[in-house]
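K.L.:
take a look and give me a structure for this.
(one chain, ligands or ions: 2)
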Amino acid sequence: MEDIKFMKIALKLAAQGMGFTEPNPMVGAAAVKDGRIIGAGYHHRFGADHAERTALKNVTEPGTTLYVTLEPCPHFGKTPPCVDFLLEKKVRRVVTAMLDPNPLVNGKGVRKLEENGVPVDVGLLSEMARKLNRHYIKYMTSRMPYVTLKAGVSLDGKLTDKFRNSRWVTDETMRRLSHSLRGEFSAVMVGVRTAIDDDPLLNIREPAWGDKKLFRIVLDTHNRLDTRLHIFNGDREQFPPVIFSSKEAENKTVKVKQHFFVTPGVGGGVDLKEVLAILYQLGIASVLVEGGGGIFNSFLEEKLYDEIILAAAGTLIGGKDSVQLFSRGTSVSTPILLKEREITVLESGYLIRGYR
Ligand code: AOF
Ligand code: ZN
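P.N.:
Residues are numbered from 1 along each chain as shown. Ligands and ions are numbered 1, 2, ... in the order given. Modelled structure (predicted):
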């Protein structure tokens, strides 16, 4: 019972780093002696001290139990090994929620602690820990970023009506909520049509996210974006633009520092697997795909998404020519299934999160 209580605290601490640690994990730690927390910490941002170090920094008493949401690291990275620090601080026992999928760590952290006489319990509240670090786990194990599709739709799944002249199916509250979601990700992505028609800023305006960095990605197969669009302007340090065009784009003008020319995709567009592999190389662990219809189609059809968020307004739009969420469609026997759904009821509709 004690163990669960302290691991829950460590998980809460870890979550405070959300949006700032990628491509590294969110990690929380609590050092406990005689049932009392005498040191606590979390990984604040990429490159900063690991959670274990912050938690133990001011601990002088030996014999603590350290609750940590991820296996402590035995390697020299941007910071020295946490395992050595734990031994130096004479930690008596370690409880960790999960092994680290990072091959530099995986099991080696636990082994080194045990070889030095510190018992380690692995796996407490592992499901919660794995869910919290789903971006990191996907990034580490597949060498691709975690992909979340986010669509604003009517209850009958329309992105917009047949005139396509409304950017917004959902109301202001829902838009603000889904806008601040961007803070949880390393990058936001849109298709060329959305970039041109909506001319979005693709930045973060919510003050709570402070100076958080967010890559702005546009898939512009034919390299036809006008550089006067918002995406090319604004703060390029905090919100670096990244463009992907097809190798076959006639106009090879490079428009931004990170402008990639990749293999054309099978159904038109660009090869999404290649795009995701390049994003991995750039250290982007997660992408929020905001549309429009064409790019949702490709991610859904090629099964390259991990999570779907629907901001569904309580409205019906109907019409055979209005824009569907997944117009290419599938069949009743092989539907897109949203698993482990979390549904938030709002005055104007629903926020639905589901996983592949
Ligand atoms: C973190 N924060 O609290 C823990 C991490 O390059 P470094 O030194 O920052 O090391 C990154 C790796 O360290 C990371 O991939 C993970 O395997 C391990 N643990 N990382 O950023 C932390 N505990
Ligand atoms: Zn570490």
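
K.L.:
OK, contacts around the residue in the stretch 151-300 of the chain positioned nearest to ligand 2?
P.N.:
Nearest to ligand 2 in the stretch 151-300 of the chain, going by Cβ to the ion, is residue 285, at a distance of 17.4 Å. In short, each C-beta sits where N, CA and C put it, glycine included. Contacts for residue 285 (Cβ atoms under 8 Å, 6 or more residues apart in numbering) come out as 22-23, 135-136, 138-139, 145-146, 186.

K.L.:
just the pLDDT for residue 165.
P.N.:
The model reports residue 165 with a pLDDT of 67.

K.L.:
reformat the contacts of residue 285 as TSV; add distance to residue 315, secondary structure and pLDDT.
P.N.:
Shown next, in TSV, are those (distance: Cβ to Cβ, whole Å; DSSP: H, G, I helix; E, B strand; the rest coil; pLDDT from 0 to 100):
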residue	distance to residue 315	secondary structure	pLDDT
22	35	coil	98
23	38	coil	98
135	32	helix	98
136	37	helix	98
138	33	helix	98
139	36	helix	98
145	32	coil	98
146	30	strand	98
186	32	coil	98
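
K.L.:
what's the closest of these to residue 319?
P.N.:
Set against residue 319, the nearest of the contacts of residue 285 by Cβ to Cβ is residue 146 (33.9 Å).

K.L.:
hang on, isn't that closest one packed against residue 289?
P.N.:
No: counting by Cβ atoms under 8 Å, residue 146 sits too far from residue 289 to count as a contact (10.9 Å).

K.L.:
rewinding a little: what's the closest of the contacts of residue 285 to ligand 2?
P.N.:
residue 136 (13.5 Å).

K.L.:
was I right about the closest one contacting residue 17?
P.N.:
No: when contacts are counted by Cβ under 8 Å, residue 136 is not listed as touching residue 17 (10.9 Å).

K.L.:
any shared contact partners between these two?
P.N.:
Counting by Cβ under 8 Å, 6+ apart, the residues touching both residue 136 and residue 17 are residue 26.

K.L.:
got a list of what residue 30 touches?
P.N.:
So residue 30 contacts 6, 9-10, 13, 37, 39-40, 55, 66-68 (Cβ under 8 Å, 6+ apart).

K.L.:
the closest residue to residue 161 other than its chain neighbours and residue 198, how far apart?
P.N.:
Excluding its sequence neighbours, the residue lying closest to residue 161 (Cβ to Cβ, 6 or more residues apart in numbering) is residue 322, at 4.8 Å. To residue 198, residue 322 is 17 Å away according to Cβ to Cβ, to the nearest Å.

K.L.:
kindly report the same for residue 108.
P.N.:
Taken as Cβ to Cβ, the span from residue 108 to residue 198 is 48 Å.

K.L.:
same check, this time on residue 348
P.N.:
From residue 348 to residue 198 the distance is 20 Å (Cβ to Cβ).

K.L.:
the top helix by length along the chain near ligand 1 anywhere?
P.N.:
Longest helix in the chain, counting residues (DSSP state H): helix 2-15. No: Helix 2-15 does not reach ligand 1 (Cβ under 6 Å from any ligand atom); its nearest approach is 8.3 Å.

K.L.:
what does that helix contact?
P.N.:
26-30, 32, 35, 37, 40-43, 51, 65, 67-69, 95, 97, 121, 124-125, 128-129, 132.

K.L.:
cutoff 7 Å now
P.N.:
Contacts made with helix 2-15 from outside it, assessed by Cβ atoms under 7 Å, 6 or more residues apart in numbering, are listed as 26-30, 32, 35, 40-42, 51, 67-69, 95, 97, 124-125, 128-129, 132.

K.L.:
and those near ligand 1, which?
P.N.:
27, 51.

K.L.:
filter the contacts of helix 2-15 to the buried ones?
P.N.:
For these, a burial check counting by 16 or more other Cβ atoms under 10 Å picks out 26-30, 32, 40-42, 51, 67-69, 95, 97, 124-125, 128-129, 132.

K.L.:
show me what secondary structure element comes after the lowest-mean-pLDDT helix or strand in the chain.
P.N.:
When each helix and strand of the chain is scored by mean pLDDT, DSSP states H and E, helix 172-180 comes last, with a mean of 79. Counting by DSSP states H and E, the next helix or strand C-terminal to helix 172-180 is strand 187-191.

K.L.:
excluding its backbone neighbours, what's nearest residue 319?
P.N.:
residue 162 is the one closest to residue 319 (Cβ to Cβ, 6+ apart), at 5.6 Å.

K.L.:
hang on, isn't the one you found packed against residue 318?
P.N.:
No: using Cβ atoms under 7 Å, residue 162 is not in contact with residue 318, being 10.1 Å away.

K.L.:
residues in the protein within reach of ligand 1, list them.
P.N.:
21, 24-25, 27, 43, 50-52, 70, 73, 77-79, 82, 100, 102, 105.

K.L.:
understood, closing this out.
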